[in-house]
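Colleague: Whatever this is, show me its structure:
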Amino acid sequence: MSPLMLGVLYGIVTIVVMCSGMPIAFALGVVATGFMYVFMPESSLDTITQNVYEEIASITLLSIPLFILKGAAIGKSPAGKDLYSAIHAWLNRVPGGLGIANVFACALFAAMAGSSPATCSAIGSAGIPEMRRRGYSPGFAAGIIAAGGTLGILLPPSITMILYAVAAEQSLGRLFLAGIGPGVLLVLLFAGYAVFRARKEYKMAHAIYSAGGAKSAYLDDEHFTLAQKVEMLPRVLPFLILLIGVMVALYGGLATPSETAGLGALLALVLIAIVYRIYKPREIAPFLSSTIKESGMLLLIIGMSLLYSYVMSYLHISQSAAQWVVDLHLSRWLLLAVILLMVIVLGFFLPPVSIILMTAPIILPPLKDAGFDLIWFGIVMTVVMEMGLIHPPVGLNLFVIKNIAPDIPLGDVIKGTIPFLALMFLAVVLLCMFPGIATALPDLLMGVK
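Modeller: Have a look, this model is predicted:
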């Protein structure tokens, strides 16, 4: 059977198995093992455990459970609520300040936790009720948090970027640095829209009240004294110091990514013990339990995805697919557009982890041959995968929001995210027009590669 026919069969079987409801890791493992049994030498089955072990026994992947522990310690403590409350107090007098506060809180929390669902849950549980109490429409409030939560896979440290660095064999430090500029760009775009939308809703509320209608909470005036604002800072500053310390250790060459992850996890546990008095074994147990569950799930997906990719490579499916793309003789930008479109479609069904590990062997060689910087492409791909987190049918952040705000209809949550999807698309366009947004910082700090 030709590699083309094998590839088509491989894809069809994968879709069928995944649609059966089987967990992603097991689905990929079953498909890979089945094709090894039918199309590869019988002796190859004896190497399954060895292949999976060798793929996940990576010093770079060691940072994943450590970053997850750091995120769990921060996400399951009151840190998110305190961070949000402090930013809200300081931005209260800015037009649309509450929306901006939620965007900034999501960005800062994402940079500390490295997880989109954790960011949505931690900031949304405090931010959504507060925005609705202040008159924000439910869809708008949900959209801000859902979109802000996606920053968790773009701003360093990002588990998704760790996996891309492994799959693309690129520098993790450069990739982390490259995510900062686009992350700031998205924060500014989201904050700008929050101001625009909040002012629009405020004008509508004022017009209704002026016409004799009910008074919206939008029109209430809330003040925080300087003393109240300053009082909130001590609970936030330690975590900002944690963020700065981890970044200095990583980019200052003081520690490797794995060592930095360990340092961050340890400091996070120390800080919640000092700030929130969370240090007893029964209080720490939920952090450890959550870390073990999420790490086990991710590493199992990684191991099975890499086995899946190994079978594709052995059967020359990935090489043939890459060559087929090259033989289309598309212009470099059309090639990029086709690949990103494929990533968007995959985002309807798969999480970013699976998308990266399944597609990297196919899409990266043609992109490299076309002259694209794989660090830059990793950032563009991450932004596109961010879109997958907030668009149906399997936008993970949509369901996180639905879980923390069950009274908001899912349709309203989806409508609230549409403007942010448009802003993410704009960010992708800007990154294509001005690649320096992503590449300037790593080139400046680590030298032009």
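Colleague: list the contacts for the residue most central in space within the chain?
Modeller: Nearest residue to the geometric centre of the chain (C-alpha atoms, centre = their mean): Ile153, 2.3 Å. Listed by C-beta atoms under 8 Å, 6 or more residues apart in numbering, the contact partners of Ile153 are Ser116, Ile159, Thr160, Met161, Pro352, Thr382, Met385, Glu386, Leu389. Glycine gets a C-beta too; all of them are placed from N, C-alpha and C.
Colleague: How about Leu240?
Modeller: Counting by C-beta under 8 Å, 6+ apart, Leu240 has contacts Leu108.
Colleague: pLDDT wise, what is it at?
Modeller: What the model reports as pLDDT for Leu240 is 77.
Colleague: Figure out the helix or strand that it lives in.
Modeller: Per DSSP states H and E, Leu240 falls inside helix 237-251.
Colleague: Show me what secondary structure element comes after that helix.
Modeller: Using DSSP H and E, the first helix or strand after helix 237-251 is helix 257-276.
Colleague: next helix or strand past that next one?
Modeller: helix 281-314.
Colleague: For the next helix or strand after that following helix, give me every contacting residue.
Modeller: Under the assignment DSSP H and E, the closest C-terminal helix or strand after helix 281-314 is helix 317-327. Applying C-beta under 8 Å, 6+ apart, the contact partners of helix 317-327 are 3-4, 6-7, 10, 309, 311-313, 335, 338-339, 361-363, 365-366, 369.
Colleague: ok, back up a step: for the residue nearest to the centre of the chain, which non-adjacent residue is closest in space?
Modeller: Using C-beta to C-beta, 6 or more residues apart in numbering and skipping the chain neighbours, the partner closest in space to Ile153 is Thr160 (4.1 Å).
Colleague: gap between that neighbour and Ala167?
Modeller: Remark: distance between Thr160 and Ala167 (C-beta to C-beta, to the nearest Å) = 11 Å.
Colleague: So the two - more neighbours on which side?
Modeller: Thr160 (24 against 21; other C-beta atoms under 10 Å).
Colleague: my guess is the more buried one meets Met385, correct?
Modeller: Yes: counting by C-beta atoms under 8 Å, Met385 is a contact partner of Thr160 at 7.0 Å.
Colleague: Can you work out which residues contact both of these two?
Modeller: By C-beta under 8 Å, 6+ apart, Thr160 and Met385 have these common neighbours: Ile153, Pro352, Ile356.
Colleague: if we take those residues, which one ends up nearest to Gly96?
Modeller: Taking C-beta to C-beta as the measure, Gly96 lies nearest Ile153 of these, at 25.5 Å.
Colleague: If I look at that closest one, what pLDDT would I see?
Modeller: Value listed for Ile153 in the pLDDT field: 81.
Colleague: For it, give me the backbone phi and psi.
Modeller: phi -100, psi 0 (degrees, to the nearest 10).
Colleague: Against Phe67, how distant is it?
Modeller: Taking C-beta to C-beta, one finds Ile153 at 12 Å from Phe67.
Colleague: Which neighbours do the two have in common?
Modeller: In contact with both Ile153 and Phe67: Ile159, using C-beta under 8 Å, 6+ apart.
Colleague: Put the alpha carbons of stretch 409-428 into CSV.
Modeller: Extracted in CSV, the C-alpha atoms of stretch 409-428 (Å, rounded to 0.1, in the frame of the first residue of the first chain):
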residue,chain,number,x,y,z
PRO,A,409,-26.3,30.3,28.6
LEU,A,410,-23.6,28.7,26.5
GLY,A,411,-24.8,30.6,23.5
ASP,A,412,-24.2,33.9,25.3
VAL,A,413,-20.7,32.8,26.3
ILE,A,414,-19.9,31.9,22.6
LYS,A,415,-21.3,35.2,21.4
GLY,A,416,-19.2,37.0,23.9
THR,A,417,-16.0,35.4,22.6
ILE,A,418,-16.6,36.3,18.9
PRO,A,419,-15.1,39.8,19.1
PHE,A,420,-12.0,38.4,20.8
LEU,A,421,-11.6,35.8,18.1
ALA,A,422,-11.5,38.7,15.6
LEU,A,423,-8.9,40.4,17.7
MET,A,424,-6.8,37.2,17.7
PHE,A,425,-7.1,37.0,14.0
LEU,A,426,-5.9,40.6,13.8
ALA,A,427,-2.9,39.7,16.0
VAL,A,428,-2.0,36.9,13.6
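Colleague: What angle do helix 281-314 and the lowest-mean-pLDDT helix or strand in the chain make with each other?
Modeller: One helix or strand of the chain scores below all others by mean pLDDT, DSSP states H and E: helix 317-327, with a mean of 72. Using axes from the mean of the first three to the mean of the last three C-alpha atoms, to 10 degrees, the direction of helix 317-327 lies 70 degrees away from that of helix 281-314.
Colleague: Report the distance from helix 317-327 to the chain centre.
Modeller: 29 Å (C-alpha atoms, centre = their mean, to the nearest Å).
Colleague: swap in stretch 257-273?
Modeller: So, by C-alpha atoms, centre = their mean, the centroid of stretch 257-273 is 20 Å from its chain's centroid.
Colleague: Return the alpha-carbon coordinates of that stretch using CSV.
Modeller: Listed next in CSV are the C-alpha coordinates belonging to stretch 257-273 (Å, rounded to 0.1, in the frame of the first residue of the first chain):
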residue,chain,number,x,y,z
PRO,A,257,14.1,25.6,32.2
SER,A,258,13.6,22.5,34.4
GLU,A,259,15.6,24.1,37.3
THR,A,260,13.5,27.3,36.9
ALA,A,261,10.3,25.3,37.0
GLY,A,262,11.5,23.6,40.2
LEU,A,263,12.5,26.9,41.7
GLY,A,264,9.1,28.4,40.7
ALA,A,265,7.1,25.5,42.3
LEU,A,266,9.1,25.7,45.5
LEU,A,267,8.8,29.5,45.8
ALA,A,268,5.0,29.2,45.1
LEU,A,269,4.6,26.7,47.9
VAL,A,270,6.7,28.9,50.2
LEU,A,271,4.7,32.1,49.3
ILE,A,272,1.3,30.5,49.9
ALA,A,273,2.6,29.2,53.2
